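[1] quick one: sequence plus predicted model below, questions after.
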Amino acid sequence: MKIVTTPMCEEILKLAGLKEYQVSLYPDSTDADIAVVLSETNTNMQSIKLKLNTFKQIRDSVDNVRTKLGTESTEERSSIPLFNGVKTRNRNIKVKVYSNFLRDIVEDMGYTVVNGNEYHDYLVYPDYIRDEIQGELDSMGENSVEIASHRNSPINPVKRAELRYKLLEKKLCMKH
């Protein structure tokens, strides 16, 4: 079976123990039988769609690839960290989030995500919408947290998640 993956998902294949696969930004342009891609990626071929925002999603994605492609990993699943912060204390902190990928992380860390114009202690947003929400950012002052999007963060999903969790933990947890 010929497998293709995008650069963003390659580390998951490595962690799942796959050694033979092709990497392409455009899986449909290859002659592969199956693609391993991010959940929001559209392909015309059979695919395994992965969510890689939280540590749990990364672990689940490794397990999903192992199961569907029948591999054994030389890497330990335990090498992928889990967030072990104080989730119950975080429930008292209300966060408005712009972006589904950030919502996943903020919820995993135990914060209360609010919608629309509800009162919130913090605003968390991806770097690519800064200009669109500048007025709101000005009113939030230091209580806004910009997070690097996929194109501005490590391609390795574990390193990307570690970076995002550490930034949110530093900016949100340390203030309460």
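    On my side now, so go ahead.

[2] buried residues in stretch 41-49?
    Under the neighbour-count criterion of 16 or more other Cβ atoms under 10 Å, stretch 41-49 has 41, 43, 47-49 buried. The C-beta positions use only the backbone N, C-alpha and C, and glycine is treated the same way.

[3] next step: those residues restricted to strands.
    If you go by DSSP state E, those have 47-49 in strands.

[4] out of the residues you listed, flag the one nearest to residue 4.
    If you rank those by distance to residue 4 using Cβ to Cβ, residue 47 comes first, at 9.2 Å.

[5] hang on, the closest one packs against residue 33?
    No - Residue 47 is not in contact with residue 33 according to Cβ atoms under 8 Å; the separation is 10.4 Å.

[6] one step back: among the buried residues of stretch 41-49, which one lies nearest to residue 80?
    residue 48 (17.6 Å).

[7] ok now stretch 101-119, how far from the chain's centre?
    Put simply, stretch 101-119 sits 14 Å off its chain's centre (Cα atoms, centre = their mean, to the nearest Å).

[8] how about the CA coordinates for stretch 129-140, as PDB?
    This file holds the C-alpha atoms of stretch 129-140, laid out as PDB (Å, rounded to 0.1, in the frame of the first residue of the first chain):
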ATOM      1  CA  ILE A 129      -6.500  37.600  12.700                       C
ATOM      2  CA  ARG A 130      -4.600  40.300  14.700                       C
ATOM      3  CA  ASP A 131      -5.600  43.100  12.300                       C
ATOM      4  CA  GLU A 132      -9.200  42.000  12.100                       C
ATOM      5  CA  ILE A 133      -9.700  42.200  15.900                       C
ATOM      6  CA  GLN A 134      -7.300  45.100  16.700                       C
ATOM      7  CA  GLY A 135     -10.000  47.200  18.400                       C
ATOM      8  CA  GLU A 136     -10.900  44.300  20.700                       C
ATOM      9  CA  LEU A 137      -7.200  43.700  21.400                       C
ATOM     10  CA  ASP A 138      -6.700  47.400  22.400                       C
ATOM     11  CA  SER A 139      -9.500  47.100  24.900                       C
ATOM     12  CA  MET A 140      -8.100  43.800  26.400                       C
END
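
[9] in it, what's buried?
    Buried residues in stretch 129-140, counted by 16+ other Cβ under 10 Å: 137, 140.

[10] may I have the phi/psi pair for residue 41?
    phi -90, psi 130 (degrees, to the nearest 10).

[11] could you find the closest non-adjacent residue to it?
    What sits nearest to residue 41 in space, not counting adjacent residues and going by Cβ to Cβ, 6 or more residues apart in numbering, is residue 6, at 6.6 Å.
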